[in-house]
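*Asks:* Pasting the sequence and the predicted coordinates here, then a few questions.
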Amino acid sequence: MTQPHLQLPPARPANEAEARAVQDALRDRVVLDEPGPSPAEPLVAVGVDVAYDDARDVVAAAAVALDADSLTVLAEATAVGRVAFPYVPGLLAFREIPTVLDALGRLAVTPGLVVCDGYGVAHPRRFGLASHLGVLTGLPVVGVAKNPFAFRYEPPGPHRGDSSPLLDGTEEVGRALRTRDGVKPVFVSVGHRVGLETACAQVLRLTRGYRLPETTRAADTLCRRALKDA
DNA sequence: GCGACAG
DNA sequence: ATCTTGTCGC
């Protein structure tokens, strides 16, 4: 099982205090001064997602690579593992990342951009799942969340493409982005090696007809199937 | 101190 | 995340 994108092995903290210490130690490695892949150029966009069966202690991850323009599936990969960490708000990455890395490592193409569920720098310690995954892989990563977590926002305009700041106090940590007319926005934040403008543009590019990007929809479907077959 | 809180 | 069918509406 090769993992061509791996820069750092995933930490396996034994408790919450250790997990927070890992986040504090790694967050300085997040790169925020790159614009990221241009929405005007061809792109291999990879969606990652995870499904759980806590009763069986099983977790299944999926990575699906799409051509960002045609939305054609270029490659798929899955991985199955043991649940490595409980769900704790702020520590989601430790629950998802080990199996996600396995799936990414089995993907036959190199991602130009990874899209994951959850947040990047919109995080209590500015090191959410998307940033964590970015630092470990070195890849550009954006986070797309379905809920505003602990942050505040004013509703964006009613049309697709409208957005408003996602705020932690007065600091903009992401954007509430309307991906469909009149539908609840998604919450986009930068993970690693992508700017917020580009992140939103790419999320819109990958979203057609549904609230969520096709990358996450495809990964969601695949990891659920992988969990059943596990 | 208590509750809320990505998935 | 997960428990879960049909149904109302564009």
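*Replies:* In hand now; what should we look at? Numbers count the residues shown, from 1 in each chain, chains lettered A, B, ... in the order given.

*Asks:* Next one: the residue most central in space within chain A, what pLDDT does it get?
*Replies:* Closest to where the C-alpha atoms of chain A average out (C-alpha atoms, centre = their mean) is residue A:116, at 1.8 Å. Looking at residue A:116, its pLDDT is 96.

*Asks:* Do I have it right that it meets residue A:49?
*Replies:* Yes: with contact defined as C-beta atoms under 8 Å, residue A:116 counts as touching residue A:49 (7.4 Å). Yep, even glycine has a C-beta here, placed from its N, CA and C like the rest.

*Asks:* Overlap in contacts, those two.
*Replies:* Among the neighbours of residue A:116, those also in contact with residue A:49 (C-beta atoms under 8 Å, 6 or more residues apart in numbering) are residue A:216.

*Asks:* how much space between residue A:38 and residue A:143?
*Replies:* 20 Å (C-beta to C-beta, to the nearest Å).

*Asks:* Equivalent analysis for residue A:41, please.
*Replies:* As defined by C-beta to C-beta, residue A:41 lies at a distance of 22 Å from residue A:143.

*Asks:* Counting neighbours, go ahead and name the busier of these two.
*Replies:* residue A:143 (32 against 9; other C-beta atoms under 10 Å).

*Asks:* ok, what's across the strand from the more buried one?
*Replies:* residue A:116, residue A:189 (DSSP bridges).

*Asks:* Enumerate every residue touching it.
*Replies:* Residue A:143 neighbours (C-beta under 8 Å, 6+ apart): A:116-120, A:122, A:128-131, A:174, A:188-191.

*Asks:* check those against DNA strand C, which are close?
*Replies:* Counting by C-beta under 7 Å from any atom of the strand, residue A:117 from these sit close to DNA strand C.

*Asks:* farthest pair in the contacts of residue A:143?
*Replies:* A:117 and A:190 (15.1 Å; C-beta to C-beta).

*Asks:* If you count surrounding residues, which of those two has more?
*Replies:* Between residue A:117 and residue A:190, counted using other C-beta under 10 Å, the more crowded position is residue A:190 (32 against 20).

*Asks:* who's in contact with that one?
*Replies:* A:32, A:120, A:121, A:130, A:131, A:142, A:143, A:174, A:196, A:199 are the contacts of residue A:190 under C-beta under 8 Å, 6+ apart.
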